[in-house]
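[1] here is my input, please return the structure:
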Amino acid sequence: MNCLSCRSKSCRTGESCGGEKFQREKILAKYHREKEAAVVETAAKLVDGGRAGTLSRVEELLEFVKTSDYKKVGLAYCYGMENLAEDVRRLFTERDIRCIGISCTCGAMGQNEINQKSELPGVSCNPISQAKQMEAEGVDLAVVIGLCMGHDVLFTREFSGDQTTLLVKDRPNNHAPLSGITKLLSS
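    Alright, predicted model coming up:
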């Protein structure tokens with residue numbers, strides 16, 4: 001199945017194309033579990049009834065967290081975006097949401113300790129420790145803010161709780177990756 005090659009788009013009218021390789025009833029059963037149903041219902045409040053496209057990503061995130069059962073939010077941030085992470089933390093705490101930030105450099109591990117092939121001096125980004133520290137702090141929703149490519153993969157692989165991304169790092173495009181797509185397509 002490759003949905004990008006499909007011309008009928010029948011799934012959008014409620015009719016299966018028949019190319020699925022999953023069992024529909026098993027998927028529906030997962031959506032009906034209490035924890036998943038709660039997320040679906042909360043997400044629907046953000047987009048249903050004409051609300052889609054009316055809130056910024058951070059506004060959606062704040063409302064999503066406020067109307068969910070999350071007890072503690074963790075910001076998994078790149079140290080180069082610490083000021084932004086502090087601004088986001090402040091937005092959460094002003095709304096009485098418990099929030100902490102964990103830098104990618106937590107654990108103070110050297111470049112050559114993390115990457116044995118590295119000859120760079122100094123501290124390394126450490127997304128696995130970042131994820132484990134979040135778990136140790138009791139974070140039940142991790143919000144990724146600008147982790148480097150690859151480091152975000154390791155963080156999301158390692159963190160066992162719910163997670164979402166607020167900001168994707170894209171320095172040449174002022175952290176707007178869609179601009180990079182447009183530039184590549186036009187060149």
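[2] so how far is the helix or strand of the chain with the lowest mean pLDDT from its chain's centroid?
    Using mean pLDDT, DSSP states H and E, helix 111-114 stands out as the lowest-scoring helix or strand of the chain, at a mean of 76. Relative to its parent chain, helix 111-114 has a centroid offset of 26 Å by C-alpha atoms, centre = their mean, to the nearest Å.
[3] dump that helix to CSV, keeping only the CA atoms.
    The C-alpha trace of helix 111-114 is given here as CSV (Å, rounded to 0.1, in the frame of the first residue of the first chain):
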residue,chain,number,x,y,z
GLN,A,111,31.6,13.5,23.2
ASN,A,112,33.9,10.4,23.0
GLU,A,113,32.0,8.6,25.8
ILE,A,114,28.8,8.8,23.7
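[4] can I get the following helix or strand past it as PDB, trimmed to CA atoms?
    As assigned by DSSP states H and E, the chain's next helix or strand after helix 111-114 is helix 127-136. Below are the C-alpha coordinates for helix 127-136, written out as PDB (Å, rounded to 0.1, in the frame of the first residue of the first chain):
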ATOM      1  CA  PRO A 127      19.100  11.900  24.700                       C
ATOM      2  CA  ILE A 128      19.000   8.500  26.300                       C
ATOM      3  CA  SER A 129      19.800   9.900  29.700                       C
ATOM      4  CA  GLN A 130      17.400  12.800  29.000                       C
ATOM      5  CA  ALA A 131      14.600  10.300  28.500                       C
ATOM      6  CA  LYS A 132      15.600   8.200  31.600                       C
ATOM      7  CA  GLN A 133      15.800  11.400  33.700                       C
ATOM      8  CA  MET A 134      12.300  12.400  32.600                       C
ATOM      9  CA  GLU A 135      11.000   9.000  33.700                       C
ATOM     10  CA  ALA A 136      12.800   9.300  37.000                       C
END
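[5] show me where the protein has helices.
    24-31, 34-47, 57-66, 82-94, 111-114, 127-136, 151-158, 177-186 (DSSP state H).
[6] so which of those is the most surrounded?
    helix 127-136 (a mean of 20; mean count of other C-beta atoms under 10 Å). C-betas here are computed from N, CA, C, even on glycine.
[7] give the rounded mean pLDDT of that helix.
    The pLDDT scores in helix 127-136 average 96.
[8] okay then, goodbye and thanks.
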